[in-house]
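# no sequence on this one, just coordinates:
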């Protein structure tokens, strides 16, 4: 490993460590509320309402719902972690600690993305364990389950980073999750199969990128999907590449950070 | 010692998106090992200049080289050589001082085992070791400023930039901070200081640049600058002074209180006539010193002249 590569690895490890310590330090904000929310979803949508729903694609509604709720948790927590953490660093100005250091932009971006993925995927595992209290799950395709969860977490961590870069006040990091992320998630196949809805909503739903992520993951867990799994990967990879490039560009230009 | 300047700023320009021209072609050179003062009134461009050198502000034109390394062509290498103590508090207030220092070292690629040793060293030297595990928001203002110095030392920089580090800090802490900084300067670290306490700059710095309206209006040695003063002020501690003071040709005498008087006199003029006049009225001089804020007079004069030129 070259000298600069070794330095960058130390710097990357420092950001990841700091991010993980932050998640642990404020565990009552970062880990507990999402777990409680997911449990309530399982009780209300799964046990209470779901008992009247019959089966979806041959699976009990509770089992069908579980991958959707896992992905919803992954999406919300990956996004929420990076927006609050990076915007907090901007707000308190300690982002400058990193900007004045020799770290290249990709290290800063990768550090925050990995930190957000740690929280997103940790909560994904927690919600999966909660799901096992309510239903039996057999992972059909473990590799697809893992990669779709990781890619989705990465995409929403990157999207959250972009949001945090442009945010000027705390309201700005709440607007997108409330008015964009929540509707797209709720309409993205978390709670239902798009085969159950008529036109034009079926076609409109196909324009929602979250649909591909949720269904990709559901294919990994249950072996069923409303969309082609190849297309789902293509959508995730497309957003991962485009948002990574955009995030790097923002950091290099110092937009929202440097004068 | 190498001839490569610690800092070489070449025609640096900055125009903000608002249209404000913060820097209008600034060039200066800081020798290695120097203790250099960068002075100027508020809004003169000091923080913009420091921001560009430390890569917090994007320049509109020109370049700066840190020990020969261009900040535009090789930012990463240049940043390895710099330690910055900014004007505003900019650490995570929820972290502990120890973690802030260790993390700062990590950003420079310094392995954790070394970072831990350095954090202990600099927190002890800056008298913060006892506070290492307290959330940083619980520290006093002076402690926060010292923490930023400790953090800036974690990469053991060859060039330490201090942007008004003593603003709002009490005199005792200020003195201990200067003791630390003069120590590291003596050990070879080049120091650039901006401050509004001009007596601080006068006492500490060997060379000086004065910036105003985004331009360097003076760049010389402290000694050469102070020699431009044609009037010197002495402070005399005396026995009880009478109400009316003697008139002495060539010396302007002011009564400050019952035991202190100030005397303004042209450079080169002797003090004997003043002592003679005081002796005649039975006033004994117990001690005498040169008034320390001579630089303030020059600073005000230079900035006023520059304002007149700007208006003309």
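Sure thing, it's come through. In this text the structure is predicted, and so the values were computed from the model without any measurement. Numbering: from 1, shown residues only, chains lettered A, B, ... in the order given.

# who touches the lowest-mean-pLDDT helix or strand in chain A?
Counting by mean pLDDT, DSSP states H and E, chain A has its least confident helix or strand at strand A:55-56, which shows a mean of 84. Residues outside strand A:55-56 that contact it (Cβ atoms under 8 Å, 6 or more residues apart in numbering or on different chains): A:61, A:64, A:192-193, A:196. (Each C-beta comes from the backbone N, C-alpha and C, glycine too.)

# quick one: which of those is nearest residue A:233?
residue A:193 (19.7 Å; Cβ to Cβ).

# and the nearest residue to residue B:139 once chain neighbours are set aside, how many neighbours?
In space, and not counting its chain neighbours, residue B:139 is closest to residue B:131: 6.1 Å by Cβ to Cβ, 6 or more residues apart in numbering or on different chains. Summarising burial for residue B:131: neighbours were counted as other Cβ atoms under 10 Å in any protein chain shown, giving 19.

# for chain A, what lies in contact range of chain B?
Contact residues (Cβ under 8 Å from any Cβ of the partner chain) of chain A with chain B: A:4, A:6-8, A:10-11, A:13-15, A:17-18, A:21, A:25, A:88-89, A:92-94, A:96-104, A:253-254, A:258-259.

# give the buried subset of those as a PyMOL selection command.
To isolate the buried subset of the residues of chain A next to chain B in PyMOL, counting by 16 or more other Cβ atoms under 10 Å in any protein chain shown, use the following:
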select buried, chain A and resi 7+8+10+11+13+14+15+17+18+88+89+92+93+94+96+97+98+99+100+101+102+103+104+254+258
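
# my guess is the residue nearest to residue B:139 contacts residue B:143. True?
Yes: between residue B:131 and residue B:143 there is a contact at 6.3 Å, judged by Cβ atoms under 8 Å.

# could I get the contacting residues of residue A:4?
residue B:76.

# would you say it is within a helix?
Yes: under DSSP: H, G, I helix; E, B strand; the rest coil, residue A:4 sits within a helix.

# go through the residues of chain A next to chain B and flag which are in helices.
Taking DSSP state H, the ones among the residues of chain A next to chain B that sit in helices are A:4, A:6-8, A:10-11, A:13-15, A:17-18, A:21, A:25, A:88-89, A:96-99, A:253.

# and the end-to-end length of stretch A:196-215?
End-to-end span of stretch A:196-215 (Cα to Cα, to the nearest Å): 14 Å.

# now do the buried residues in that stretch.
Buried residues in stretch A:196-215, counted by 16+ other Cβ under 10 Å: A:205, A:208-215.

# which residues touch it?
By Cβ under 8 Å, 6+ apart, stretch A:196-215 touches A:56, A:67-68, A:71-72, A:75, A:148, A:151-152, A:155, A:184-185, A:187-190, A:194-195, A:225-227, A:231-232, A:235-236, A:239.

# which of these are buried?
Buried subset of the contacts of stretch A:196-215 (neighbour count, 16+ other Cβ under 10 Å): A:56, A:67-68, A:71-72, A:75, A:148, A:151-152, A:155, A:184-185, A:187-190, A:194, A:225-227, A:232, A:235-236, A:239.

# please report how far the spatially most central residue of chain B lies from residue B:216.
Chain B has residue B:193 as the residue nearest its centroid, 3.4 Å off, counting by Cα atoms, centre = their mean. Between residue B:193 and residue B:216 the distance, using Cβ to Cβ, to the nearest Å, works out to 16 Å.

# taking the buried ones among the contacts of stretch A:196-215 one by one, which sit in strands?
residue A:56 (DSSP state E).

# residues in contact with the residue in the stretch 201-312 of chain B that chain A sits nearest to?
Among the residues of the stretch 201-312 of chain B, residue B:214 lies closest to chain A, at 14.2 Å counting by Cβ to the nearest Cβ. Residues near residue B:214 by Cβ under 8 Å, 6+ apart: B:14, B:21-24, B:26, B:44-45, B:48.

# residue contacts, the residue nearest to residue B:254 when sequence neighbours are not counted?
Distances taken as Cβ to Cβ, 6+ apart put residue B:262 closest to residue B:254, at 4.7 Å, once the chain neighbours are dropped. Neighbour list for residue B:262: B:233-236, B:253-254, B:256, B:291 [criterion: Cβ under 8 Å, 6+ apart].

# quick one: mean pLDDT for the helix or strand where residue B:262 lies?
Assigned by DSSP states H and E, residue B:262 falls within strand B:260-266. With pLDDT averaged residue by residue, strand B:260-266 scores 85.

# mind listing what's buried along the following helix or strand past it?
Downstream of strand B:260-266, the first helix or strand assigned by DSSP H and E is helix B:272-280. By neighbour count with 16+ other Cβ under 10 Å, helix B:272-280 contains the buried residues B:274, B:277-278.

# paired strands for the helix or strand just after helix B:272-280, with orientation please.
Next helix or strand after helix B:272-280 toward the C-terminus (DSSP H and E): strand B:285-290. Using DSSP bridges, strand B:285-290 pairs in its sheet with strand B:231-238 (antiparallel).

# show me the contact partners of the strand it pairs with.
Here strand B:231-238 has contacts from B:256, B:259-267, B:271, B:278, B:283-291, B:294, B:297, using Cβ under 8 Å, 6+ apart.

# and what of stretch B:56-63?
A:96, A:99-100, A:253-254, A:258-259, B:9-15, B:23, B:25-27, B:48, B:51-52, B:70-73, B:86.

# pLDDT on it, on average?
Rounded mean pLDDT across stretch B:56-63 is 94.

# for stretch B:220-233, measure first residue to last.
One end of stretch B:220-233 to the other measures 22 Å (Cα to Cα).

# now do stretch B:160-177
First-to-last distance for stretch B:160-177 - Cα to Cα - comes to 13 Å.

# pull out the buried positions in it.
B:160-166, B:169, B:173-174, B:176-177.

# and which of the residues you listed is nearest chain A?
Taking Cβ to the nearest Cβ as the measure, chain A lies nearest residue B:161 of those, at 9.6 Å.
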